[in-house]
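Student: here is a sequence with its predicted model. Questions after.
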Amino acid sequence: RKEVEQDPGPFNVPEGATVAFNCTYSNSASQSFFWYRQDCRKEPKLLMSVYSSGNEDGRFTAQLNRASQYISLLIRDSKLSDSATYLCVVNRRPYNFNKFYFGSGTKLNVKP
Amino acid sequence: GAGVSQSPSNKVTEKGKDVELRCDPISGHTALYWYRQSLGQGLEFLIYFQGNSAPDKSGLPSDRFSAERTGGSVSTLTIQRTQQEDSAVYLCASSFLMTADDGTYEQYFGPGTRLTVT
């Protein structure tokens, strides 16, 4: 079983729509959680960290459910510029190593 | 401030040749990671350096792949006797290493080296 699983999409939505992605992780010892954004042929860039109490950054809201081992990302009022692949990333520290586990990404296409 | 840099940005090589890819992490970051990403695929972990500890090489796909990190800073990923299936984007990332058991810290990626083996 993969450490981190995501729906690959694509999610095709019109501008202004609200869209949500989920991601599940398999190891309950996971400690830190992130959403990264990757544009076509570019490197991944941090979108936001995910905190236990949930957090919001402008149009983006991230939630963590430790009991069910999933993370979500909600994007409100989608913009054309939100079109990208969104990577769910989980961090844990087995044997004091600091390892990051990446999902395969969910592709979002925002259409005019 | 300066981010993670990688060189070269593009490398085309013939099958069977050796290649070296370089990564300069963000100053002060003690953790350094190499990943590769094939077209349309997710990130594949290769190797991880943590301070002065022995690296985690568990992701290296074969003994043709090796990496060094000199002086706790610059890292070089070497692929010997390249094969066509080695064609991919090789991404380097760095992060701080927290010593406490809590805290949230993220990785910062370089722009990658696009390797094409002909």
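Tutor: Here it is on my side, so go on.

Student: contact residues of chain A facing chain B?
Tutor: Within chain A, the positions adjacent to chain B are A:32, A:34, A:42-46, A:49, A:51, A:87, A:89, A:93, A:97-105 by CB under 8 Å from any CB of the partner chain. To be clear about C-beta, it is placed using only N, CA and C from the backbone, and glycine gets the same treatment.

Student: which of the residues you listed count as buried?
Tutor: A:32, A:34, A:43-44, A:49, A:87, A:89, A:98-105 (16 or more other CB atoms under 10 Å in any protein chain shown).

Student: who's residue B:48 bridged to?
Tutor: residue B:33, residue B:56 (DSSP bridges).

Student: ok, it touching residue B:31?
Tutor: Yes - counting by CB atoms under 8 Å, residue B:48 does reach residue B:31; the two are 7.0 Å apart.

Student: quick one: least confident helix or strand in chain B?
Tutor: strand B:43-50 (a mean of 92; mean pLDDT, DSSP states H and E).

Student: which residues touch residue A:39?
Tutor: A:84-85 (CB atoms under 8 Å, 6 or more residues apart in numbering or on different chains).

Student: so residue A:13 touches residue A:109, yeah?
Tutor: Yes - the criterion here is CB under 8 Å, and residue A:13 meets it with residue A:109 at 7.4 Å.

Student: more neighbours, these two?
Tutor: residue A:13 (17 against 14; other CB atoms under 10 Å in any protein chain shown).

Student: these two touch, right, residue B:51 and residue B:97?
Tutor: Yes - between residue B:51 and residue B:97 there is a contact under CB under 8 Å: 6.2 Å.

Student: tell me, what's touching those two both at once?
Tutor: The overlap between the contact sets of residue B:51 and residue B:97 (CB under 8 Å, 6+ apart) consists of B:30-31.

Student: before we move on, back to that, contacts for the helix or strand just after the least confident helix or strand of chain B, please.
Tutor: The helix or strand immediately downstream of strand B:43-50 is strand B:65-69, counting by DSSP states H and E. For strand B:65-69, the external contacting residues (CB under 8 Å, 6+ apart) are B:32, B:34, B:46-47, B:49, B:55, B:57, B:60, B:75-80.

Student: what do you get if the cut-off is 7 Å, keeping everything else the same?
Tutor: B:32, B:34, B:46-47, B:49, B:75-79 (CB atoms under 7 Å, 6 or more residues apart in numbering or on different chains).
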